[in-house]
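*Asks:* coords please:
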Amino acid sequence: MMNGEDIDNKEIIDNTMEYKPLGTMDAINSESIDDTVIRGNVGKSVSGAAHEKPKRKIITRSGILRVLGVLAAFMAFIAIALSPVFVLKHVNVHGNTYLSDEEIIRISGVNLGENLFQLATDEIMQAMGKDIRIDQAIVRRNFPNSLDIQVVERIPLAIIKCDYGYLEVGRGGIVLDAHRNLSQIPVPIVSGVEVSDLFVGDTAENQQLSQVLDFLDKLNRDTATSIAEINISDPNNVMVYMNHSVQLKMGALDSLQNKLEITESVNREVKQAKHPIDYVDARFDGSYSIKLKE
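*Replies:* Modelled structure (predicted):
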């Protein structure tokens, strides 16, 4: 027979057994549980990503039409570019004074009948720039069948005699061209000086010639082209011969730079003179005298 105290203890024991906490050996580490859950989720996520099928790109009807439109436009451009309408028929040359149109075209390497779209204008300009006589060249297509060439020439200032003919020389004494015979170029001949072993692109290094070239370079164009010859055989008695058979006595070669205005003034008087002029004496700086023919 149990007393009340025993009954109470029994209930406590039963309750304790029913709600007995897990022992140390039976316990599951909470960290292991968390780790298992995390690894399980990650594994599932990676596995799912590996087996997920890539999305297919859908080509729409409008996309196909755009591609076909681009191809059609490209084919149309090719057909137009190769059309006989764009065959080169005319080459227009501008800015040349000393070089002929035919010579400019020859230097460019362009041939009539070529397709205008197939002409590389940059390459044409580079080819023309290699010619010492051309300072600058600009080439443009002029649709439908023309090509425009604009040039800036290196201006020849004088012609001098050499061992095999005649040379055109420009600023700085650069040889711009060579001729076997005296050519009809509207620049004066400088006599009294002769060079040898010079060719196109070389520089004539002669002090007296350099003084004459500097003088001619500073004259206005009208006066420079009115001079037929400058004789410097005697550096102290330079003679200038005008196109109208007028002799201009210039004095010392070193004084030429001081007589630019006198030379231009004499040129105007020679053109306006009503009576033939025999010679003009400009040996003294600042003044000159005119001797008329009898």
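*Asks:* ok, and for stretch 85-93, which residues are buried?
*Replies:* 86, 88, 91, 93 (16 or more other Cβ atoms under 10 Å). In short, each C-beta sits where N, CA and C put it, glycine included.
*Asks:* what strand or helix carries His244?
*Replies:* His244 is part of no helix or strand when elements are defined by DSSP states H and E.
*Asks:* now swap in Ala178 and tell me
*Replies:* Assigned by DSSP H and E, Ala178 falls within strand 175-179.
*Asks:* buried stuff in that strand?
*Replies:* For strand 175-179, the neighbour count (16+ other Cβ under 10 Å) marks 175-178 as buried.
*Asks:* which pair of those spans the longest distance?
*Replies:* Leu176 and Ala178 (8.8 Å; Cβ to Cβ).
*Asks:* what residues do the two have in common as contacts?
*Replies:* 168, 200 (Cβ atoms under 8 Å, 6 or more residues apart in numbering).
*Asks:* so the closest residue to Asp101 other than its chain neighbours is in which element?
*Replies:* With sequence-adjacent residues excluded and distances taken as Cβ to Cβ, 6 or more residues apart in numbering, Asp101 is closest to Val93, at 4.4 Å. Taking DSSP H and E as the definition, one finds Val93 inside strand 90-94.
*Asks:* so after that strand, what's the next helix or strand?
*Replies:* helix 101-108.
*Asks:* now do that next one against strand 90-94, angle only.
*Replies:* On the basis of axes from the mean of the first three to the mean of the last three Cα atoms, to 10 degrees, helix 101-108 is oriented at 100 degrees to strand 90-94.
*Asks:* tell me the secondary structure for Val152?
*Replies:* strand (DSSP: H, G, I helix; E, B strand; the rest coil).
*Asks:* and it, how many neighbours?
*Replies:* Number of residues near Val152 (other Cβ atoms under 10 Å) recorded here: 12.
*Asks:* do Lys218 as well
*Replies:* Counted with other Cβ under 10 Å, the neighbours of Lys218 add up to 12.
*Asks:* on that earlier part again, so who does the residue nearest to Asp101 touch?
*Replies:* Counted by Cβ under 8 Å, 6+ apart, Val93 has contacts 101, 104-105, 149, 151.
*Asks:* repeat that for 7 Å
*Replies:* 101, 104-105, 149 (Cβ atoms under 7 Å, 6 or more residues apart in numbering).
*Asks:* go on, Gly172?
*Replies:* With Cβ under 7 Å, 6+ apart, Gly172 has these contacts: Thr203.
*Asks:* now do it against Leu209, distance only.
*Replies:* Distance, Gly172 to Leu209, by Cβ to Cβ, to the nearest Å: 11 Å.
*Asks:* so what sits against both of those two?
*Replies:* By Cβ under 7 Å, 6+ apart, no residue touches both Gly172 and Leu209.
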